[in-house]
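Engineer: Sequence first, then the predicted structure, then my questions.
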Amino acid sequence: KNEVEQSPQNLTAQEGEFITINCSYSVGISALHWLQQHPGGGIVSLFMLSSGKKKHGRLIATINIQEKHSSLHITASHPRDSAVYICAVWPIIQGAQKLVFGQGTRLTINP
Amino acid sequence: IAGITQAPTSQILAAGRRMTLRCTQDMRHNAMYWYRQDLGLGLRLIHYSNTAGTTGKGEVPDGYSVSRANTDDFPLTLASAVPSQTSVYFCASSVLAGFSTGELFFGEGSRLTVL
């Protein structure tokens, strides 16, 4: 079992729909990152969370430390939101140098 | 320069040749990282540096070396390229390493093909 599991792996929706991508992890963490990667493109950091909720434009990220779970929400989705969304966690392990990445969720928004 | 710059963006290389991927950041970040991204395997850490003058091995370091002579630059060298090193390489940085990493910044990636 991977330490970081994302669901769904693939998601196709119509423009305007509310999107939720989930991330569950099995280790204690100090921070969780949500990243976005457009096809053939670079990687952009969307959020870094250690507790609670953050909002940036149409994107909302939440984290529940006790349940070891985070969600990324997109409101009023648009075709330009089509990308791979990656969850990554920094484990609370002495000397940890390695972010642990989920496998990503491929999101396609159709017009 | 704004953020992280990688070069080259794309390269085709004959097996056995030496190749250096360059990475420069202008944010005065202490920590820098090199990842490779392969289909189905996600992002894997090759090497990292917590601060200038120090480096460490990630999960897939074999065949790669790095140096961190100053804060801004973190080149990745393939001493003798092999086809299994065909991948997309991403350089990243953060203010600090470890628990208080802060936001991650990624370069645009370097697509390397080894024939």
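Structural biologist: Looks like it arrived, so ask away.
Engineer: just checking, residue A:61 touches residue A:72?
Structural biologist: Yes - A contact is recorded between residue A:61 and residue A:72 when judged using CB atoms under 8 Å, the distance being 5.2 Å. C-beta here means a position set from N, CA and C on the backbone, and glycine is covered the same way.
Engineer: Now the common contact residues for those two.
Structural biologist: A:34, A:46-47 (CB atoms under 8 Å, 6 or more residues apart in numbering or on different chains).
Engineer: Select from these the one having the most neighbours.
Structural biologist: Sorting these by how many neighbours each has (other CB atoms under 10 Å in any protein chain shown) puts residue A:34 first, at 24 neighbours.
Engineer: I'd assumed residue A:61 was in contact with that residue.
Structural biologist: Yes - counting by CB under 8 Å, residue A:34 sits close enough to residue A:61 to count as a contact (5.4 Å).
Engineer: which residues are common contacts for these two?
Structural biologist: By CB under 8 Å, 6+ apart, the residues touching both residue A:34 and residue A:61 are A:46-47, A:49, A:70, A:72.
Engineer: So which of these sits lowest on pLDDT?
Structural biologist: Lowest in pLDDT among these is residue A:49, which has 90.
Engineer: mind listing what that one touches?
Structural biologist: So, once contact is read as CB under 8 Å, 6+ apart, residue A:49 ends up touching A:31-34, A:61-63, A:70.
Engineer: now with 10 Å?
Structural biologist: For residue A:49, the contacting residues are A:29, A:31-34, A:61-63, A:65, A:70, A:72, A:89, by CB atoms under 10 Å, 6 or more residues apart in numbering or on different chains.
Engineer: Residue A:87 now?
Structural biologist: For residue A:87, the contacting residues are A:4-6, A:21-25, A:32-35, A:61, A:70-72, A:100-105, taking CB under 10 Å, 6+ apart as the criterion.
Engineer: before we move on, what about residue B:29?
Structural biologist: Shown here is residue B:29, whose contacts under the criterion CB under 10 Å, 6+ apart are B:4, B:51, B:71-72, B:74, B:92-97, B:102-105.
Engineer: Doesn't it lie inside a helix?
Structural biologist: No - with DSSP: H, G, I helix; E, B strand; the rest coil as the criterion, residue B:29 is assigned coil and is not in a helix.
Engineer: Not counting residues beside it along the chain, what's closest to it?
Structural biologist: If the residues on either side of it in the chain are set aside, residue B:29 comes closest to residue B:93, at 4.0 Å by CB to CB, 6 or more residues apart in numbering or on different chains.
Engineer: ditto for residue A:5
Structural biologist: Counting by CB to CB, 6+ apart, the nearest residue to residue A:5 once its immediate chain neighbours are dropped is residue A:24, at 5.0 Å.
Engineer: which element follows the helix or strand hosting residue A:89 toward the C-terminus?
Structural biologist: Element membership for residue A:89, per DSSP states H and E: strand A:83-91. Following strand A:83-91 in sequence order, the next helix or strand is strand A:100-101 (DSSP H and E).
Engineer: Paired strands for that next one, with orientation please.
Structural biologist: Paired strands of strand A:100-101, with direction, are strand A:83-91 (antiparallel) (DSSP bridges).
Engineer: Distance from the chain centre to the partner strand, please.
Structural biologist: Taking the mean C-alpha point of strand A:83-91 and that of its whole chain, the gap between them comes to 5 Å (CA atoms, centre = their mean, to the nearest Å).
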